[in-house]
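Novice: Sharing a sequence plus its predicted fold:
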Amino acid sequence: MPSLVSAHDRVKSVEWTPTYVDHQPRYPTRYKLPKKTKDPFRTLVREYLTMEQEKDDRLYGGFEDVLSRTAPAAEADLGWLEGIKLALPIVAYGEYGAEKCQSMLVDTVDNAELRAGYLAQAMDERRHLNQEMYLLRHFAKHAAEPCGFDRGMQVRGDNIFARAGRVCFDNFYVNDPIECALSLQVVAETAYTNPLFIALTRVAALNGDHATPGVFLSIQSDEARHSANGYATLAAVLSEPDNLPMLQVDFDRSFWRLHVFMDPLMSVLFDYFGRGRMDTSYNKLWEEWVADDWVGNYIGSLEPFGLQVPKYFGHAVERMKWSGHTAAMVAAASWPLHYWRWPTVTPQHMEWLENSYPGWYETYGQFWEAFNLLEDPNMEMIPLQGLSERPYFCRTCALPCVFPKIDEATTRVRSYDGRKHAFCSAPCEEIFCQQPERYEGTMLWDEVWDGVGLEEFIVTRNLLREDGRTLVAQPHTKQGEHLWTIDDVKRLNFEISNPLNNVTEAPELVKQADGTLARAEATP
Amino acid sequence: MCDTRGDGRLVYDITVEQFGHTFDCAENETILSAALRNRVFLRYGCQHGGCGACKVRLVDGDVELTASSYALPPRERDAGAILVCQSYPVEDCVIDVAEMQLGAEEFFRGDGAVARATVLESVESLTPNVRRVVLRHPDRPMAFVAGQFVNVTVPGHAVARSYSMANGSADTDRIELICKMMPGGLFSRYVDEQARPGDELIVNGPYGLMAIRLSHRDIVMVAGGAGLAPLLAMLTDLADKRSTNRGVTLFFGARSTADLYALAEIAALQDQLPALTFVPVLQAPPPGWTGAVGVVTDALAAHSTVWSSHDAYLCGPPGMVDAARDLLVDRGVRPQNVYADAFVCTGETPAP
């Protein structure tokens, strides 16, 4: 048997430089990459394929055999499964973006070592997507309330939060390929997959869901190799001093764009759909995995080579304090728009939230008390109607401009190129100004649905159950009582509108010589 | 499998889980010396159980441990932690070295820290019993991380003493060590009685995992006696970087004003790091002293800053480090954000 090294080298020797065609990358990168670098996938030849085959056999075999016989999905906490209903279609889009990222990198990066890693990762991402779709199918067949598990993939583009998820994960394949690798492998797969695929697994099990952990742990076991791809890519980029200035800017942007969506999403899943059964809060995990491990150890080890902590990390620390709770409140207030149900926040759960986030009750307690009262359709009110002003949507991250707290939001409105743009924060405005061409023609949720009645939105977006009357979404998880129907929605007489229409004055952003934008009054 | 060598001594297999690698270790050999003899690398420092740099987890098997209780607190020992420099196997063992954060290349490359010859540049009395010893590397530069230490071989003896660098890591051609003079100590006697500029001293290193961790959190530093050394190095590096806006509060515990030193250096650091607050704490203050009084933990407890969102760096005698750690954790600092380096004076360490 040849040695591992020689067998692996043989695979890489399949690489060749064609003389009969002039290969121009379809997705050119601004970065210079050395022809030969470290090899992040050294185990590929001997172990990778057999190991993945074994994992798939176990996973799908386990589903079919144990899970369908004991039907644990039917016994899982109803509220928790609504969180999975919300999250899986979004995470699946991330896998799709991750696979596209690998195709771009293979096309662009002329380096046999790195390419071998990207190719294997592409296979992984496709497997993960299949596994997550299989999990959705499992819940659609076996969950106590399957409705919504069958819609998520169809309606996620029209959901205010899932749409922002798409904008976030677009960063895996829309930009310079190396920046995409930073977003995916260095930020998402190094900083965020531990909370997503390990800690969330614990919350799932604590809530009686034993199907999600099987899939997530199987996925997580590939992530270490993906972050190794990121490290190898980063090391290759750092080996060329010319790359450093643009690398830092791209890295700053990648971090912020992932943070703004991933952190509220994870906090909502942990702290709200987790039902207070976890012994730790999401923010504590964030301190450990993002601040200590990722910044402290990972970036810390690259600092001597010139990489700095993302410029916007301080903004993120400030935003972390309350953004998950604000996101949960806004998502609950807009409950009829969704493809999942909002579980009631019980008094015990409120106590957990106050203990985990001292000061929580003062800001959010009243909302949830009121939310629980409004679950009955006979109250003829949805929380959205109680908002004095509808929030803008951020042009950059596509989330409502409500962070960190609704009444302390860092929102700003600007005009550029004949359109008005709201930004949720200084970093989102700055990122827009760096690449304004990226947002030409993009439509935010309220721009698409401006002037449409809530009833029409629900009917045309297929958010009704099979009886043609009952809403998929509900403000509680009770089976068979207090169920809202389309008739109840009709009575609300609620219309979606874009609050930017009412803005008359907004400072102008002006194009600079280098293509970026700046405030008009700031220019000399 | 347990086996015997030709001479009848028992030999055990030590397997390092992460790298699937097994090496042999004789019954009267520490796991660390067996690893280095077999040309693989495990992190280590003082080699007498004082620094904790060689901590690993024993996954399977059993060892006889001779570590001081300081570097291996009971709760860690109960959780399966051992110090490989103090562990003699009594059966085949499997160890998990994840905490050392070793790459495969580093592991299989063997011990890269080699002895280097240095030249003594100067010895300066900082207090009645603390000296600053400056050594120059004449041949090749030594890169180190602020917070690390070296082992200095006592001239004329086959033993070494550990001292932290007190200068910043930008100095790659020289190191400054702050040495506490122990009555009757071998190295102390050398420094005070024999040392002459130009003497050749053999230095091994750098060692140790103490280093400023990248973070958004503010920093509290607590030093006792000669424990100020690594903290001075870290502060120098923070000042050199200039990019940091992290607040730093430095507590320096001493007996009397005569035991305070490096005050000019600290004042200079404050010019470069406006967010640096310096709190000297005296147990026996002179008349008219308006600063903090008592042991250093009294001053920590009385200080108006809320420590809960801080990273802590502690260096000094074990009792001070333990007390400061307990107090800070009690005030909300996350235990994993307390980085400590206790110096155990060799003369006081129980013999293995």
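Specialist: The structure has been received and is ready for your questions.
Novice: If you drop the residues flanking it in sequence, what lies closest to residue A:308?
Specialist: Nearest non-adjacent residue to residue A:308, counting by CB to CB, 6 or more residues apart in numbering or on different chains: residue A:248, 5.9 Å away. All C-beta atoms are positioned from the backbone trio N, CA, C, and that covers glycine.
Novice: and the closest residue in space to residue A:252 that isn't next to it in sequence, how many neighbours?
Specialist: The shortest distance from residue A:252 to any non-neighbouring residue, by CB to CB, 6+ apart, is to residue A:311 (4.1 Å). Counted by other CB atoms under 10 Å in any protein chain shown, the residues lying close to residue A:311 total 16.
Novice: Over to residue A:490?
Specialist: Neighbour tally, residue A:490, other CB under 10 Å: 13.
Novice: hmm, back to that, tell me the spacing between the residue nearest to residue A:252 and residue A:408.
Specialist: 22 Å (CB to CB, to the nearest Å).
Novice: Helix or strand with the lowest mean pLDDT in the chain?
Specialist: Just going to use chain A. helix A:68-70 (a mean of 64; mean pLDDT, DSSP states H and E).
Novice: May I have the secondary structure class of the one residue in the stretch 251-352 of chain B that gets nearest to chain A?
Specialist: The nearest approach of the stretch 251-352 of chain B to chain A comes at residue B:336, 6.5 Å away (CB to the nearest CB). Under DSSP: H, G, I helix; E, B strand; the rest coil, the three-state class of residue B:336 is helix.
Novice: ok so, going back, report the mean per-residue pLDDT for the host helix or strand of the residue nearest to residue A:308.
Specialist: Using DSSP states H and E, residue A:248 maps to helix A:244-267. Average pLDDT, helix A:244-267: 96.
Novice: Equivalent analysis for stretch B:122-139, please.
Specialist: Rounded mean pLDDT across stretch B:122-139 is 94.
Novice: Going by neighbour count, which residues of it are buried?
Specialist: B:123, B:126-127, B:129-135, B:137 (16 or more other CB atoms under 10 Å in any protein chain shown).
Novice: residues in contact with residue A:412?
Specialist: A:422-423, A:426, A:429 (CB atoms under 8 Å, 6 or more residues apart in numbering or on different chains).
Novice: can you list the residues you listed in CSV and add secondary structure?
Specialist: What follows is the contacts of residue A:412, written out as CSV (three-state DSSP):
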residue, secondary structure
A:422, strand
A:423, strand
A:426, helix
A:429, helix
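Novice: Pull the most distant pair out of the residues you listed.
Specialist: A:422 and A:426 (13.0 Å; CB to CB).
Novice: Any residues of chain A in contact with chain B? List them.
Specialist: A:287-288, A:291-292, A:295-297, A:299-300, A:303, A:308-309, A:313-314, A:317 (CB under 8 Å from any CB of the partner chain).
Novice: ok, back up a step: make a PyMOL selection of the buried ones in the contacts of residue A:412.
Specialist: Applied in PyMOL, the following selects the buried portion of these according to 16+ other CB under 10 Å:
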select buried, chain A and resi 422+423+429
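Novice: Let's have the contacts of residue A:412 in TSV, adding pLDDT.
Specialist: Below are the contacts of residue A:412 laid out as TSV (pLDDT from 0 to 100):
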residue	pLDDT
A:422	97
A:423	98
A:426	97
A:429	97
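Novice: will you turn the contacts of residue A:412 into CSV that also has distance to residue B:233?
Specialist: Shown next, in CSV, are the contacts of residue A:412 (distance: CB to CB, whole Å):
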residue, distance to residue B:233
A:422, 48
A:423, 42
A:426, 35
A:429, 40
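Novice: Please identify which of the contacts of residue A:412 is nearest to chain B.
Specialist: residue A:426 (16.4 Å).
Novice: Tell me how far the spatially closest residue to residue A:250 that is not a sequence neighbour lies from residue B:217.
Specialist: If the residues on either side of it in the chain are set aside, residue A:250 comes closest to residue A:179, at 4.2 Å by CB to CB, 6+ apart. Look at residue A:179 and residue B:217: by CB to CB, they are 28 Å apart.
Novice: ditto for residue B:66
Specialist: Distance of residue B:66 to residue B:217, given as CB to CB: 36 Å.
Novice: Between the two, which is the more surrounded one?
Specialist: Neighbours of residue B:66 and residue B:217, each counted by other CB under 10 Å, are more numerous for residue B:217; the result is 22 against 16.
Novice: sec struct for residue A:269, please.
Specialist: Applying three-state DSSP: residue A:269 is helix.
Novice: ok, it touching residue A:202?
Specialist: No. Using CB atoms under 8 Å, residue A:269 is not in contact with residue A:202, being 11.9 Å away.
Novice: Extract the residue ranges of chain B that are flagged as low pLDDT.
Specialist: B:1-9, B:67-70, B:112-114, B:242-243, B:342-352 (pLDDT under 70).
Novice: So which residues make contact with the longest strand anywhere in it?
Specialist: Ranked by residue count, the top strand of chain B under DSSP state E comes out as strand B:115-127. Strand B:115-127 is touched from outside by B:131-140, B:142, B:153, B:174-175, B:178, B:191, B:195-204, B:254, B:258-262, with contacts defined as CB under 8 Å, 6+ apart.
Novice: hmm, 7 Å instead?
Specialist: If you take CB atoms under 7 Å, 6 or more residues apart in numbering or on different chains as the criterion, strand B:115-127 is touched by B:131-139, B:142, B:174, B:191, B:195, B:197-204, B:258-259, B:261-262.
Novice: any low-confidence regions in the stretch 401-524 of chain A?
Specialist: Short version for the stretch 401-524 of chain A, where the test is pLDDT under 70: A:521-524.
Novice: So which residues on chain B come close to chain A?
Specialist: Within chain B, the residues that sit near chain A (CB under 7 Å from any CB of the partner chain) are B:213-216, B:243, B:334, B:336.
Novice: Good, we can wrap up now.
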